[in-house]
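Chemist: whatever this is, show me its structure:
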Amino acid sequence: MTERVDFYVLKSAAAKQRWAFACRLIEKAYLLNLKVLVLNDTLADAQALDELLWTFNERSFVPHKLCVDAPGAAAQALDPATPVHLAVLGIAARSDPSQGEPPAADLLLNLATALPPDLQRYARIAEVIDADEERRRAGRERFKAYRDLKLTLETHQLDETADV
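Modeler: Got it, this is the predicted structure:
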């Protein structure tokens, strides 16, 4: 059952700021011993985040796994011992018995533009919204959908240097 949805609203439209904030949020959840599932719109986004999680902070280590099964990508099995899984929204929502369901998680970080499936599986959901007009519009639509589901919503207005 979803307890709460947090919207982190950045002032910058720079994708770099959105990705950096997402990495800090993932790191914080990992340090709190939370399991995290990160949904992305595309395989390229998931791969970029995968790379950034290894390099965003030289003193940080966030064990994670890219979980995709798409043309041109090697299928990777889910690992319940891995605390952070990166997935692509369309792939994560697919019910392929050989791949199983997306991994269980305490926190769902939605970096995709669509409402994530199976919301009730996650205690907390985090949405990172930057100032890009299209992402802002999609974020407003998701906010309305969460509100219609009567979920508890929190909005955090952040600047470019905001800490999690």
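Chemist: OK, contacts around the residue nearest to L119 when sequence neighbours are not counted?
Modeler: Leaving aside its sequence neighbours, L119 sits nearest to T2 (Cβ to Cβ, 6 or more residues apart in numbering; 5.3 Å). To be clear about C-beta, it is placed using only N, CA and C from the backbone, and glycine gets the same treatment. Contacts for T2 (Cβ atoms under 8 Å, 6 or more residues apart in numbering) come out as 119-120, 122-125, 151.
Chemist: again, only using 7 Å
Modeler: By Cβ atoms under 7 Å, 6 or more residues apart in numbering, the residues touching T2 are 119-120, 122-123, 125, 151.
Chemist: nearest to A105, of the residues you listed?
Modeler: Y122 (5.9 Å; Cβ to Cβ).
Chemist: any idea how far that closest one lies from D159?
Modeler: 27 Å (Cβ to Cβ, to the nearest Å).
Chemist: for K11, same thing?
Modeler: On the measure of Cβ to Cβ, K11 and D159 end up 5 Å apart.
Chemist: those two: which has the busier surroundings?
Modeler: K11 (13 against 9; other Cβ atoms under 10 Å).
Chemist: do I have it right that the more buried one meets A131?
Modeler: Yes: between K11 and A131 there is a contact under Cβ atoms under 7 Å: 5.9 Å.
Chemist: still on that earlier bit, go through the contacts of T2 and flag which are in strands.
Modeler: I125 (DSSP state E).
Chemist: where do the helices sit along this protein?
Modeler: All helices of the chain, identified by DSSP state H, fall at 15-31, 43-55, 89-93, 133-148.
Chemist: JSON lines for these, including mean neighbour count?
Modeler: Output for these, formatted as JSON lines (neighbours: other Cβ atoms under 10 Å):
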{"stretch": "helix 15-31", "mean neighbour count": "19"}
{"stretch": "helix 43-55", "mean neighbour count": "17"}
{"stretch": "helix 89-93", "mean neighbour count": "20"}
{"stretch": "helix 133-148", "mean neighbour count": "14"}
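Chemist: let's have these in TSV, adding distance to V68.
Modeler: Formatted as TSV, the helices of the chain follow (distance: least, Cβ to Cβ, whole Å):
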stretch	distance to V68
helix 15-31	17
helix 43-55	6
helix 89-93	6
helix 133-148	22
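Chemist: and the ones you listed as TSV, adding distance to A105 and mean pLDDT?
Modeler: As requested, those are exported to TSV (distance: least, Cβ to Cβ, whole Å; pLDDT from 0 to 100):
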stretch	distance to A105	mean pLDDT
helix 15-31	9	93
helix 43-55	15	92
helix 89-93	11	62
helix 133-148	17	96
